[in-house]
Every structure is written in C-alpha cells, then in structure tokens.
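Novice: let's see this in three dimensions:
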Amino acid sequence: LKQVFNKDKTFRPKRKFEPGTQRFELHKRAQASLNSGVDLKAAVQLPSGEDQNDWVAVHVVDFFNRINLIYGTICEFCTERTCPVMSGGPKYEYWWQDDLKYKKPTALPAPQYMNLLMDWIEVQINNEDIFPTSVGKSEEE
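Specialist: Numbering: from 1, shown residues only. Modelled structure (predicted):
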C-alpha cells in the first residue's frame, strides 16, 4: 500500500469541483444516480436544461478519478519486470508518442506507459481551454 499512496509514483488526488458551482451540483447528481442502482443509460443522460459540455466534462473527470484509483491499487503488482510491455492481450501492443520527449512511437514497460498516460490525461483535464471550470465558458467564446 505504501506505493499506492506515494504521490510521486502513481497516486494522484482527485480533481474536485468547487462547492456551490453548477458543475459541483451536476457531479452530486451524477454520483447519486450512479450509487442508487439506477439504469446506467438513464444515469448518464443529459439532465433537462443542462449544458452538454459541462455534463460530459463532469463524467470525464469522474471516470479519470475512478481509473486512477483502480490503477493505484494494482500498480505495485505491475512492475517493469513483471509487465515489460504495455499490451491489450497477445494481439495488441501500445507504444507511447507525445511529440515532446517521445517523437516516434516507442515501446515502454506498462508502468512507465501508464504513468505517462495518467500525467497526459491530467494535463488535458486541467487545461482550461479543453475543460473550462467556468460553466458555459466555451459558449461565450
């Protein structure tokens, strides 16, 4: 468990929504519907009168937080020695390319690939141009 909670390794704190904001209210509504045993299709439908971009953003961030938590629980079992390849089974191998450090697709051990991926996703989620924290910001521009 020590590695799971090592901030420099894989564990990242959840991205939170400011209390009192519309996105916070949407997040509470999404959490309530997901925890109530409701039909998942109904749970992710856009609530009447809400902005679709805000609703999608809330679910993307929640999904990232959940995947991050799951990955944090298994990362100690997937080391560069035990998981030397990032694969999706025997037929698929994933190579990393970010046009910065890795300009060409590069085979990496699964833990290194996952760390780069989680860092990349976190940068996207924190980018105000992609996920503005002000509700309706993208509509005003």
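
Novice: tell me where the model's unsure across this protein.
Specialist: Counting by pLDDT under 70, the chain has low-confidence residues at 1-15, 17, 22-23, 26, 30, 32-38, 40, 134-141.

Novice: in it, which spans are helices?
Specialist: For the chain, applying DSSP state H gives helices covering 22-35, 40-43, 52-74, 110-125, 137-140.

Novice: now those in TSV, with mean neighbour count and distance to residue 95?
Specialist: Backbone N, C-alpha and C define where each C-beta goes, glycine included. What follows is the helices of the chain, written out as TSV (neighbours: other CB atoms under 10 Å; distance: least, CB to CB, whole Å):
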stretch	mean neighbour count	distance to residue 95
helix 22-35	15	34
helix 40-43	10	32
helix 52-74	16	19
helix 110-125	16	8
helix 137-140	12	32
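
Novice: between the ones you listed, which gets nearest to residue 80?
Specialist: If you check each of the helices of the chain against residue 80 by CB to CB, helix 110-125 wins as the nearest, at 5.9 Å.

Novice: quick one: the closest one to helix 52-74, angle?
Specialist: When axes from the mean of the first three to the mean of the last three CA atoms, to 10 degrees is applied, the directions of helix 110-125 and helix 52-74 differ by 160 degrees.

Novice: picking up where we left off before, can the helices of the chain go into CSV with extra columns for distance to residue 90?
Specialist: Formatted as CSV, the entries for the helices of the chain read as follows, by distance: least, CB to CB, whole Å:
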stretch, distance to residue 90
helix 22-35, 33
helix 40-43, 30
helix 52-74, 20
helix 110-125, 14
helix 137-140, 42
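
Novice: out of the ones you listed, nearest to residue 89?
Specialist: Residue 89 lies closest, by CB to CB, to one member of the helices of the chain: helix 110-125, at 12.7 Å.

Novice: contact partners of the closest one?
Specialist: Applying CB atoms under 8 Å, 6 or more residues apart in numbering, the external contacts of helix 110-125 come out as 9-10, 12, 15, 60-61, 64, 68, 71, 75, 78-80, 83-87, 94, 96, 98, 102, 108, 130-131.

Novice: perfect, that will be all.
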